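J.: please work out how this folds:
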Amino acid sequence: PVRAVPRAWFGKLDGARVLGLASGGGQQIPIFKAAGAEVTVLDYTPAQLESERMVSEREGYAVDTVRADMTKPLPFPDACFDLVFNPVSLCYVRDVEPIWHEVARVLRPGGILLTGFDTIINYIVSADEKHVVFKQPFDPTVNEDQAALLAADDAGVQFSHNLDEMLGGLLRAGFSIDDLYEDTNGEGHLHDLNIQTYLAVRAIKK
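T.: Below is the predicted model of the structure:
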C-alpha cells in the first residue's frame, strides 16, 4: 500500500511473456504493456476481466484475458511465461501451496514471480485494530465472528496464511527467494504504529 516495488525486480520487460495472476481490473497490466511486455491476465471475476478489456480498448493495446480459478491447474503449457505477477489475492483462497506449484510449472527456468500478501497480523486484530481477538487460522467458513467481521466491511471471504505456507511453500515448489520487503496497511491504527502487515516477495524459479 505504501512502498513501491523496486524497478530492478521486474528485469527486462520488453518482449517478456507476463502472466497477471488474479490481476484483472486494469490496474497493473497497463504498466507491463507500456514497458513492452506481452501480457495474459487470469482472473475468476468477470467484472475484473471486463474492466481489463475496457482499459485496453481505451488505451489501444492488446491483452489476452482468461477466466479461470487459480486454485485449479492453470490453463497454460509448461514454461510459457518469463514473469508471473500476483498482487495481493491469495487471501481469498484456503490452500496456497498448490498455486505455487502451478506457478512454478508455467514459469520458464530462471523466471520471476512477484507476489504480495498479508501477514497474519491483519487477521488477529479487532475491526479497530486495537485488540488481539482472533485465533488462527482465520477461516470465516468455520468461525462466525470472523465471518461477521468480513461481512461488516464487505470484504468477501478471506483466509489467513502463515509464513510456512507462503515462504516455505515457495521454497518447496522449487523457488529461491531473491528479495522481499515489508509494508504497512497504509492507513488505520496498525499503520499509525508503523506495524508491518504485508510482504512483497521476488522469487526465482530454479
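J.: ok, residue 78 - contacts?
T.: Taking CB atoms under 8 Å, 6 or more residues apart in numbering, we find residue 78 in contact with 105-106. For every residue, glycine as well, the C-beta is placed using N, CA and C.
J.: ok, now with 10 Å
T.: By CB atoms under 10 Å, 6 or more residues apart in numbering, the contact list for residue 78 reads 104-108.
J.: most neighbours of all those, which one?
T.: Comparing the contacts of residue 78 by number of neighbours (other CB atoms under 10 Å), residue 107 comes first, having 25 neighbours.
J.: isn't that residue right up against residue 170?
T.: No - Residue 107 is beyond contact range of residue 170, at 11.8 Å (criterion: CB atoms under 10 Å).
J.: for the record, mean pLDDT for the lengthiest helix in the chain?
T.: For the chain, the longest helix by residue count, based on DSSP state H, is helix 46-59. Average pLDDT, helix 46-59: 95.
J.: next, the buried residues of it.
T.: The neighbour-count check on helix 46-59 (16 or more other CB atoms under 10 Å) flags 48-49, 51-52, 55-56 as buried.
J.: quick revisit: strands - which of the contacts of residue 78 land there?
T.: Within the contacts of residue 78, residues falling in strands by DSSP state E are 107-108.
J.: still on that earlier bit, beyond the longest helix of the chain, next helix or strand please.
T.: strand 64-67 (DSSP states H and E).
J.: coming back round to it: shared neighbours of residue 107 and residue 170, anything?
T.: With CB under 10 Å, 6+ apart, residue 107 and residue 170 have common neighbours 113, 203-205.
J.: let's have these in JSON lines, adding secondary structure.
T.: Compiled in JSON lines, the shared contacts of residue 107 and residue 170 are given as follows (DSSP: H, G, I helix; E, B strand; the rest coil):
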{"residue": "113", "secondary structure": "strand"}
{"residue": "203", "secondary structure": "strand"}
{"residue": "204", "secondary structure": "strand"}
{"residue": "205", "secondary structure": "strand"}
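J.: could you pick out the buried ones from these?
T.: By 16+ other CB under 10 Å, the shared contacts of residue 107 and residue 170 give 113, 203-205 as buried.
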